[in-house]
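Novice: coords please:
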Amino acid sequence: MVAGFGIVAIAIALFVIVTVLMGVRQVPQGYNYTVERFGRYNKTLTPGLGLIIPYVDSVGRKLSVMEQVVDVPSQEIITKDNATVTVDGVAFYQVLDVRRASYEVANLQQALLNLVMTNIRTVMGSMDLDQLLSHRDEINARLLGVIDAASEPWGVKVTRIEIKDIEPPKDLVEAMGRQMKAEREKRAVILEAEGMRQSDITRAEGRKAAVMLEAEGRKEAAFRDAEARERTAQAEALATRVVSESTAHGDVAALNYLIADKYVRALQAFAQAPNQKVFIVPMELSSLAGTLGGISQIAASAFGEGAARAPGRPASVVPDSPPPSPPAPGQG
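Specialist: Below is the predicted model of the structure:
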């Protein structure tokens, strides 16, 4: 009797222990468990220890609330301009509501995969090939907006959708390569022509600046030359006036000097002329003095004896010409 009572006590103790263990659930980090009571959703167990009623409650679905990835397989898409391309991608999502993710859709990953594939065909099929290859960010944004809105009733947040590869046909790739080469050659020709044009403009501007500077230089030189001629003319006028005044007072020395200076300069100009090969000079140097004396006598007779007898200013006397001297060596 005692032995039978002990066996019953042990069995009850084991039953209680098993019942308690059945009522305690440990949920790992990153997961949520649903609790079903008689097959109906009751509550959600979060990470840590959770308690349920044994034999009444049971754990239903075990879902990860971490961000997950769905690999989108390759598929062929016909673009708006009837080009066939092969596209694949990847989608990232996170479960926000475990209850809806468990009971609103039968197979969450499969549903998301089909949703992504069909929307890829819809979005990319409405675009031209050039847009398809150059507007990936726009494609990703449009896909994300459409799929996130479609999966919201499932308690899922689609965080990102990325198109991995877009593969056009080989003949189309070759045609695009030829087009790109032609565009690059065109740009190179345009840049070369632009460089030559800019170089011509720069050279023309340089020539223009040189001509302007040269003209400015000629203008300045002409101005200086005119100023020098003006001053020379003033000096000549002053010298002439002084000689005239001196001659008027009976002093012909200044007139003699002026005439002699003009005479010597004329001979010098004859000697330096490039087209002058032969010119005649007096046989003797004394002829020059004689010439000057004759000129002074003519001037004295022109002004009259009154000028020669002016008080305090005797007329200049030009000495008679000396006897001819023998010719210099080398003169005939």
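
Novice: which SSE is Y41 in?
Specialist: Using DSSP states H and E, Y41 maps to strand 40-45.

Novice: can you give me the buried ones in that strand?
Specialist: N42, T44, L45 (16 or more other Cβ atoms under 10 Å). (Each C-beta comes from the backbone N, C-alpha and C, glycine too.)

Novice: likewise for stretch 63-77?
Specialist: The neighbour-count check on stretch 63-77 (16+ other Cβ under 10 Å) flags L63, V65, Q68, V70, V72, I77 as buried.

Novice: secondary structure for those - can I get that in TSV?
Specialist: Below are the buried residues of stretch 63-77 laid out as TSV (DSSP: H, G, I helix; E, B strand; the rest coil):
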residue	secondary structure
L63	strand
V65	coil
Q68	strand
V70	strand
V72	strand
I77	strand
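
Novice: measure how buried the residue nearest to D97 when sequence neighbours are not counted is and give me the count.
Specialist: Once flanking residues are discounted, D97 sits nearest to G155: 2.9 Å by Cβ to Cβ, 6 or more residues apart in numbering. By other Cβ atoms under 10 Å, 20 other residues sit near G155.

Novice: OK, contacts around G155?
Specialist: V95, L96, D97, V98, R99, R100, A101, E104 (Cβ atoms under 8 Å, 6 or more residues apart in numbering).

Novice: show me where this protein dips below the pLDDT cut-off.
Specialist: 1-2, 250-258, 263, 267, 269-332 (pLDDT under 70).

Novice: ok, which stretches of it are helices?
Specialist: Per DSSP state H, the chain carries helices over the ranges 2-22, 98-103, 108-125, 129-134, 136-151, 170-248, 253-272, 285-303, 305-308.

Novice: now what about the fifth one, what contacts it?
Specialist: Applying Cβ under 8 Å, 6+ apart, the set of residues contacting helix 136-151 from outside is 91, 93, 111-112, 115-116, 119-120, 122-124, 127, 131-132, 157-158, 160-163, 166.

Novice: let's go with 6 Å and repeat that
Specialist: Residues from elsewhere that reach helix 136-151 (Cβ atoms under 6 Å, 6 or more residues apart in numbering): L115, V116, N119, V123, V158, I161, E162, I163.

Novice: so the last one touches A91, yeah?
Specialist: No - I163 lies out of contact with A91 (Cβ atoms under 6 Å); the separation is 10.4 Å.

Novice: neighbour-wise, which of those two wins?
Specialist: Comparing I163 with A91 by other Cβ under 10 Å, the one with more neighbours is A91, at 25 against 19.

Novice: list the residues that contact the more buried one.
Specialist: So A91 contacts V70, V116, I161 (Cβ under 6 Å, 6+ apart).

Novice: again, but for M212
Specialist: M212 is in contact with no residue at all, counting by Cβ under 6 Å, 6+ apart.

Novice: quick one: it from E205, how far?
Specialist: Relative to E205, M212 is positioned 10 Å away (Cβ to Cβ, to the nearest Å).

Novice: next: P73.
Specialist: To E205, P73 is 64 Å away according to Cβ to Cβ.

Novice: and for R99?
Specialist: In terms of Cβ to Cβ, R99 sits 79 Å off from E205.

Novice: which of the two has more neighbours?
Specialist: Set side by side, R99 and E205 show more neighbours around R99, with 16 against 10, by other Cβ under 10 Å.

Novice: can you tell me the closest non-neighbouring residue to that one?
Specialist: Y41 (5.9 Å).

Novice: distance of that neighbour relative to R61?
Specialist: From Y41 across to R61, the span is 9 Å (Cβ to Cβ).
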